[in-house]
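Novice: Fold the following, please.
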Amino acid sequence: KAGYGGDATTGSCSACAANTYKSSDGNTACATCASCPSGFQRSGCGGTSSGSCVNIDECETGTAGCSSNAQCSDSHGSFSCTCLAGYVGNGKTCTACAANS
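Specialist: Below you'll find the model as predicted:
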């Protein structure tokens, strides 16, 4: 049965564990959900679905590590930090520009 795995010898059957799924291809074992590339996470894996890799919005989750004086911009599988006007740096560290004298 899809969503369940078992032992063909004994005929026992149980629901697939977390992070596994069972397709309807005739295999008896539950398959482990595949990992995703950096910047993505697996979503929807379980039951009869292997799920898919979806983008992680590091700006939304607060994991980008941008300076409080920077703008975080998410992109497909990545992100960037850009210092705001009046600041210089790499986006992770932004310092105020020195006034022209």
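
Novice: so what's the residue nearest to the spatial centre of the chain bridging to?
Specialist: By C-alpha atoms, centre = their mean, the chain has its centre lying nearest to Gln41, at 2.0 Å. Per DSSP bridges, the residues bridged to Gln41 are Val54.

Novice: Check what pLDDT it gets.
Specialist: As predicted, Gln41 sits at a pLDDT of 93.

Novice: Same check on Asp25?
Specialist: 64.

Novice: Is Tyr21 bridged to anything, and to what?
Specialist: Ala31.

Novice: hang on, Ala96 packs against Ala85?
Specialist: No - using C-beta atoms under 8 Å, Ala96 makes no contact with Ala85, being 10.9 Å away. Just so you know, the C-beta spots here come from the backbone N, C-alpha and C atoms, and that holds for glycine as well.

Novice: what about these two, which has more around it?
Specialist: Shown here are Ala96 and Ala85; by other C-beta atoms under 10 Å, Ala96 has more neighbours (12 against 7).

Novice: Could you pull out the helices in this protein for me?
Specialist: 58-61 (DSSP state H).

Novice: which residues in it form strands?
Specialist: Here the chain has its strands, by DSSP state E, at 4-6, 13-15, 20-21, 31-32, 40-46, 49-55, 70-75, 78-83, 87-89, 94-96.

Novice: Deepest in the core, which of the ones you listed is it.
Specialist: strand 20-21 (a mean of 20; mean count of other C-beta atoms under 10 Å).

Novice: possible to save the strands of the chain as CSV with distance to Gly62?
Specialist: Formatted as CSV, the strands of the chain follow (distance: least, C-beta to C-beta, whole Å):
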stretch, distance to Gly62
strand 4-6, 37
strand 13-15, 35
strand 20-21, 30
strand 31-32, 29
strand 40-46, 15
strand 49-55, 16
strand 70-75, 9
strand 78-83, 11
strand 87-89, 19
strand 94-96, 17
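
Novice: for these, which one sits closest to Thr63?
Specialist: Thr63 lies closest, by C-beta to C-beta, to one member of the strands of the chain: strand 78-83, at 8.9 Å.
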